[in-house]
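Novice: Following is a predicted model, sequence given first.
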Amino acid sequence: MLSLDDFNIGDGFIYNDYSGRGATGKEYNILHIAFCNWVTRSKANIPKYFFNNIDEAIKWLSINRRGNWKRCGSCLAKTRLPSRVPRESEIPQVRSVPARSKVFTEAEVENILIQFLEGNGYKIRRQVRAPSGIIDVVAEKEGKKLLIEAKGEDRGGYTSTEMNFQMGLGQLMSRMKHRDAGYGLAFPLTKDFMKVLRRYKGSFAFEKLGIYLILVKRDGSCQLVSSSDVLKFLDEIATSS
């Protein structure tokens, strides 16, 4: 009889023996292949017998335990095929297929934005109720407030993205009740949103209204474009197409 420290997991067979403890036979006296997960979970104070191969195990159990044992229901105490590192020629070649890009949702935009702002010293309030609706994010730093409307993508493609952007602008304008606050529209830096921005090339509306653009990336970074820089930014977006 050996202890758990006397064998290497993965080699041979282990018999967990409750015979001397008044256990009811087969329900407890179980033969495992040594790499079975149940071996590592077994109690250390229960006697265990180690066998080099299945024939040796069956012979000993037949003589000493007769029918008072059973195979593990998980590993079935069957011999494992010897492992071998396959040759390179035997490894199947899988042709990679470009994965469909994951939709960058509004909730994801908002979560990344908040982590970014908090990391840059802003105090954050979420879902702040106002007479004109609910403000997604109110960020405050050094006595200055920035009220932010967050928008993201859905499965509607470009048309839906354009509508979300325009809706965000409308909601933001309806929240403009505090002259001393800043206002920003946050959205993901994706192909469809960049396409929407190109339609605003030459527009000074953002500067006149004092609206920041906040570009959110999946890597956790964000780019804040002040209202005075939006016109230049839109020109750069247009020329990069």
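Specialist: Cool, the structure landed.

Novice: Report the buried residues of stretch 212-232.
Specialist: For stretch 212-232, the neighbour count (16 or more other CB atoms under 10 Å) marks Tyr212, Leu213, Ile214, Leu215, Val216, Cys222, Leu224, Val225, Ser227, Val230, Leu231 as buried. In this view, the C-beta of every residue, glycine as well, is placed from N, C-alpha and C.

Novice: how about the third one, what does it touch?
Specialist: In other words, Ile214. Leu113, Ile148, Gly184, Leu185, Ala186, Phe187, Cys222, Gln223, Leu224, Val225 (CB atoms under 8 Å, 6 or more residues apart in numbering).

Novice: Just these: which are in helices?
Specialist: Judged by DSSP state H, these include Leu113 as members of helices.

Novice: Make a markdown table out of the contacts of Ile214 and add pLDDT.
Specialist: Formatted as a markdown table, the contacts of Ile214 follow (pLDDT from 0 to 100):
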| residue | pLDDT |
| --- | --- |
| Leu113 | 95 |
| Ile148 | 95 |
| Gly184 | 96 |
| Leu185 | 96 |
| Ala186 | 96 |
| Phe187 | 96 |
| Cys222 | 95 |
| Gln223 | 94 |
| Leu224 | 93 |
| Val225 | 94 |
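
Novice: still on that earlier bit, just send the buried residues of stretch 212-232 back as TSV, with distance to Phe50 and secondary structure too.
Specialist: Listed next are the buried residues of stretch 212-232 as TSV, based on distance: CB to CB, whole Å; DSSP: H, G, I helix; E, B strand; the rest coil:
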residue	distance to Phe50	secondary structure
Tyr212	70	strand
Leu213	69	strand
Ile214	65	strand
Leu215	63	strand
Val216	59	strand
Cys222	60	strand
Leu224	66	strand
Val225	70	strand
Ser227	76	helix
Val230	74	helix
Leu231	79	helix
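
Novice: And the residues you listed, which is closest to Leu197?
Specialist: Ranked by distance to Leu197 (CB to CB), the buried residues of stretch 212-232 are led by Leu213 at 8.0 Å.

Novice: List the residues that contact that closest one.
Specialist: Leu213 touches Gly184, Leu185, Phe187, Leu197, Phe206, Leu224, Val225, Val230, Phe233, counting by CB under 8 Å, 6+ apart.

Novice: name the element the residue sitting furthest away from the middle of the chain belongs to?
Specialist: Here the centre of the chain is the reference, and by CA atoms, centre = their mean the most remote residue is Ile63, at 53.9 Å. If you go by DSSP states H and E, Ile63 is part of helix 54-64.

Novice: which residues sit in contact with the closest residue to Lys151 other than its chain neighbours?
Specialist: Spatial nearest neighbour of Lys151, excluding adjacent residues (CB to CB, 6 or more residues apart in numbering): Gly168 at 4.1 Å. Contacts for Gly168 (CB under 8 Å, 6+ apart) come out as Glu149, Ala150, Lys151, Leu185, Phe187.

Novice: What about the residues you listed, which are in strands?
Specialist: If you go by DSSP state E, the contacts of Gly168 have Glu149, Ala150, Leu185, Phe187 in strands.

Novice: List just the nearest of these to Val109.
Specialist: Of all the ones in strands among the contacts of Gly168, Ala150 has the smallest distance to Val109: 5.0 Å, by CB to CB.

Novice: What about that closest one, how many residues nearby?
Specialist: Using other CB atoms under 10 Å, Ala150 is surrounded by 26 other residues.
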